[in-house]
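>>> sharing a model that was predicted from the sequence below.
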Amino acid sequence: MTEERLFLRSDTIIEPLVDRFYAQLYTMAPVTGTMNLAFRQIPMLESYLQTPDFHFSGSRDPKFRGGFFVGIEEKRKGEVEALLAAIRRDRADMIRFAEAIAEAEKMVREEATGYDLRPLYPRLPSELAGLVEVTYGTGNEASLHFLEPLAYQSKAYTEDRQSVQLSVETGIERPFVMSTPRLPSPDVLELDIPFRHPGIEELFRTRIRPTTLAALREALELGDAEASRLSRLLVPEPGLAADRHVTAGARIRYWGHACLLLQTPEVSILTDPFISADTSATGRYTYDDLPDHIDYVLITHGHSDHLVSETLLQLRGRVGTFVVPRSSRGNLCDPSLALFLKSLGLPVIEVDDFDEVAFPGGKIVATPFFGEHADLDIRAKATYWISLGGKTVYVGADSSGLDPVLYRYVRRHLGRVDIAFLGMECDGAPMTWKYQPLLTQPIPKKMSDTRKLSGSNAEQASAIVTELGAEEVYIYAMGEESWLGHVMATSYNEDSYQLQQIAEFEEWCSRKGVKSGHLLNQAEWQWSY
């Protein structure tokens, strides 16, 4: 008798970890990863060990949601001590690499005064040898330029850091991903395997194609205890939705936050995938609603609510091409999205502004993206202009309308937009919330508070819509969905400035005859062509 053929449970989740912290672009890419480890995660663990009760209570206080409080009870303090000791021991090379960056940047600030830079190279820390170039800009300011592909081959990067946790979605908010390491748990399957391990692809392919426990055990290299836990994630029947494919016409589905699925019979395009696995909840699309194959996944930028590693890993083997914006190639705060996705084992292409990706019946065009990155020189960001099913769709992500003439150029180059989607997180976190570990020269709090991770307010969104000539515009939910609190950690009430700005924008749309809406959880648009 052949072994029973099984499917992965619809509500299975994966959390990819580096040294037990949730893996994101900035904690995993080698240069930024070393700096986050040395200058945020280690100090945070040290602070926790001094006052564990303070951290745990702070992590549960709604006033401090999104703060850097380690949400682990004091009774597990010994496990945190062991984790910190292991990091100091096993990641000594990475810690030293981060310290070397700070030393090199200090030397360049003080000694690169417009004269010949060649004498500086022998004095650079040895950890950076062959990995950085020192250059001047046309304003005679000097900076370090990192050779990031080589950094992935250096001591700044090791797959030994990587592991994954597999479990079932409970509907209970997980700890905030930027602050709380994931310790072992009885109801979690721990796998010490790198993210590009082929077994991960085999596992999540069983959402749509059955296999056996024995085959998965071999693919994931499991022992008896691990295989027993894996068996709890397998079921005899899939939960796939019957209407997940399109046989005629065109359809757009909104999946929450900035995630859209655009479909015709010829193509499927997913933007900024961030997908709920809570199949017990109503009013949202889940992995069960995805088509079996996705032709393109478009990533707008590298923030952790748009580049969601746990979702990306679950799409392994089901996506033809991931499309990402090109980075600045070596800027410390601008890690390559393409290199990051390749390290996850994903097929990826990079695009510059106005590069086109053609498909049967339409095309995708990368368009410029202003703002949202606290005025840092970050190039790896793109909006997208998509033509399919006889309509044009503008995927605006968190782009700011701070200079609306940009969108006049977009329209002049590509034509009027039928439907636009925009983010309006117009009062985002201050710069240091995201980028403090990368700042080798501290800045005043007052300065950081003026440089926020903000998208468009009502006036700016109105200018974007006017310049694009959009007939319909929809505003993304901004972390309002309950199922993404572990990443977003946002809290709003009826007096929140962001919601007031959305209401003001919708009033403007009504006056101008532009159809509009503020999205939440799910929505759908269909048309014939």
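Right, received. Where do you want to start? On a predicted model such as this, the values are computed, not experimentally measured, just so you know.
>>> make it CA atoms for all contacts and neighbour counts henceforth
Fine.
>>> distance check, the spatially most central residue of the chain against Pro236.
When Cα atoms, centre = their mean is applied to the chain, the residue found nearest the centroid is Leu307 (2.1 Å). Per Cα to Cα, to the nearest Å, Leu307 is found 32 Å from Pro236.
>>> three-state assignment of Lys434?
Following DSSP: H, G, I helix; E, B strand; the rest coil, Lys434 is assigned to helix.
>>> for Phe322, that is, sorry about that
strand.
>>> quick check, it in contact with Thr300.
No. The criterion here is Cα atoms under 8 Å, and Phe322 misses it with Thr300 at 11.0 Å.
>>> tell me which of the two has more neighbours.
Thr300 (28 against 23; other Cα atoms under 10 Å).
>>> tell me, how many residues neighbour the spatially closest residue to the more buried one that is not a sequence neighbour?
Distances taken as Cα to Cα, 6 or more residues apart in numbering put Ala382 closest to Thr300, at 4.9 Å, once the chain neighbours are dropped. Residues within reach of Ala382, counting by other Cα under 10 Å, total 28.
>>> what's Ala382 in contact with, if anything?
By Cα atoms under 8 Å, 6 or more residues apart in numbering, Ala382 lies in contact with 299-301, 324-325, 353, 366-369.
>>> now, which of those residues lie within strands?
The strands in this structure, assigned by DSSP state E, contain 324-325, 366-367 from the contacts of Ala382.
>>> tabulate those in a markdown table, adding columns for distance to Arg217 and neighbour count.
Conversion of the ones in strands among the contacts of Ala382 to a markdown table gives the following (distance: Cα to Cα, whole Å; neighbours: other Cα atoms under 10 Å):
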| residue | distance to Arg217 | neighbour count |
| --- | --- | --- |
| Val324 | 33 | 25 |
| Pro325 | 37 | 27 |
| Ala366 | 41 | 25 |
| Thr367 | 44 | 25 |
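>>> wait, which of the residues you listed is closest to Glu266?
Ranked by distance to Glu266 (Cα to Cα), these are led by Ala366 at 20.4 Å.
>>> which residues does the closest one bridge with?
Beta bridges link Ala366 to Tyr384 when assigned by DSSP bridges.
>>> and it, how far is that from Val323?
For Ala366, the distance to Val323 equals 9 Å [Cα to Cα].
>>> what do you get for Pro186?
The gap separating Pro186 from Val323 is 38 Å, by Cα to Cα.
>>> so for the two, which sits in the more crowded spot?
Taking neighbours as other Cα under 10 Å, Pro186 and Val323 compare with Val323 leading, 23 against 7.
>>> from what I see, that one and Leu298 are in contact.
Yes. With contacts counted by Cα under 8 Å, Val323 reaches Leu298, the gap being 4.9 Å.
>>> quick revisit: which residues are in contact with each of Ala366 and Val323?
Common neighbours of Ala366 and Val323, counting by Cα under 8 Å, 6+ apart, are Val351.
>>> where are the low-confidence patches of this structure?
Within the chain, the set of residues satisfying pLDDT under 70 comprises 1-2.
>>> the stretch 251-400 of the chain: helices as residue ranges?
Secondary structure of the stretch 251-400 of the chain (DSSP state H, counting those that start in this stretch): helices at 309-314, 337-343.
>>> picking up where we left off before, between Val323 and Leu298, what contacts are shared?
Common neighbours of Val323 and Leu298 (criterion: Cα under 8 Å, 6+ apart): none identified.
>>> contacts only, for Tyr407.
Tyr407 sits next to 464, 467-468 when contact means Cα under 8 Å, 6+ apart.
>>> can you pull the contacts of Arg408?
Counting by Cα under 8 Å, 6+ apart, Arg408 makes contact with 467-468.
>>> and the strand or helix carrying it, what's buried?
Element membership for Arg408 (DSSP states H and E) is helix 405-414. By 16 or more other Cα atoms under 10 Å, the buried positions in helix 405-414 come out as 406-408, 410-411, 414.
>>> ok, of the residues you listed, which one's closest to Leu332?
Distances from Leu332 to the buried residues of helix 405-414, taken as Cα to Cα, are shortest for Leu406 (26.4 Å).
>>> roughly how far apart are that closest one and Ser516?
Going from Leu406 to Ser516 by Cα to Cα gives 22 Å.
>>> same check, this time on Arg40
Using Cα to Cα, Arg40 is found at 41 Å from Ser516.
>>> what does Asp224 give?
Counting by Cα to Cα - Asp224 and Ser516 are separated by 55 Å.
>>> just the C-alphas of stretch 61-79, formatted as CSV.
Written as CSV, here are the backbone C-alpha positions of stretch 61-79 (Å, rounded to 0.1, in the frame of the first residue of the first chain):
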residue,chain,number,x,y,z
ASP,A,61,1.7,48.0,26.6
PRO,A,62,-0.3,49.4,23.7
LYS,A,63,1.3,52.8,24.2
PHE,A,64,4.7,51.3,23.3
ARG,A,65,3.5,49.2,20.3
GLY,A,66,6.4,49.0,17.8
GLY,A,67,8.9,49.9,20.5
PHE,A,68,12.2,48.0,21.0
PHE,A,69,11.0,45.9,24.0
VAL,A,70,11.9,42.2,24.1
GLY,A,71,8.7,40.4,24.7
ILE,A,72,10.0,37.4,26.6
GLU,A,73,9.0,36.5,30.2
GLU,A,74,11.7,36.7,32.9
LYS,A,75,11.5,33.0,33.6
ARG,A,76,13.2,32.5,30.2
LYS,A,77,16.0,34.9,30.9
GLY,A,78,18.5,32.1,30.9
GLU,A,79,17.7,31.3,27.3
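>>> residues in contact with it: which ones?
By Cα under 8 Å, 6+ apart, stretch 61-79 touches 44-45, 48-49, 52-53, 55-60, 175-176, 178-181, 183, 488-491.
>>> try stretch 133-151
Counting by Cα under 8 Å, 6+ apart, stretch 133-151 makes contact with 30-31, 105, 108-109, 112-114, 117, 131-132, 157, 329-332, 335-336, 339, all of which sit outside it.
>>> hmm, back to that, just the CA atoms of the helix holding Arg408, as CSV, please.
Output of helix 405-414 as CSV, limited to C-alpha atoms (Å, rounded to 0.1, in the frame of the first residue of the first chain):
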residue,chain,number,x,y,z
VAL,A,405,5.6,67.3,-11.7
LEU,A,406,7.2,63.8,-11.6
TYR,A,407,3.7,62.3,-12.3
ARG,A,408,3.2,64.7,-15.1
TYR,A,409,6.3,63.1,-16.7
VAL,A,410,4.9,59.6,-16.0
ARG,A,411,1.7,60.4,-17.7
ARG,A,412,3.4,62.1,-20.7
HIS,A,413,5.6,59.0,-21.1
LEU,A,414,3.0,56.3,-20.5
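>>> after it, next one along is what?
Later in the chain than helix 405-414, the nearest helix or strand by DSSP H and E is strand 419-422.
>>> tell me how far that next one is from the chain's mean position?
Distance, stretch centre to chain centre, for strand 419-422: 20 Å (Cα atoms, centre = their mean, to the nearest Å).
>>> one more: stretch 13-28?
11 Å.
>>> for stretch 403-419, same thing?
Computed by Cα atoms, centre = their mean, the chain-centroid distance of stretch 403-419 equals 26 Å.
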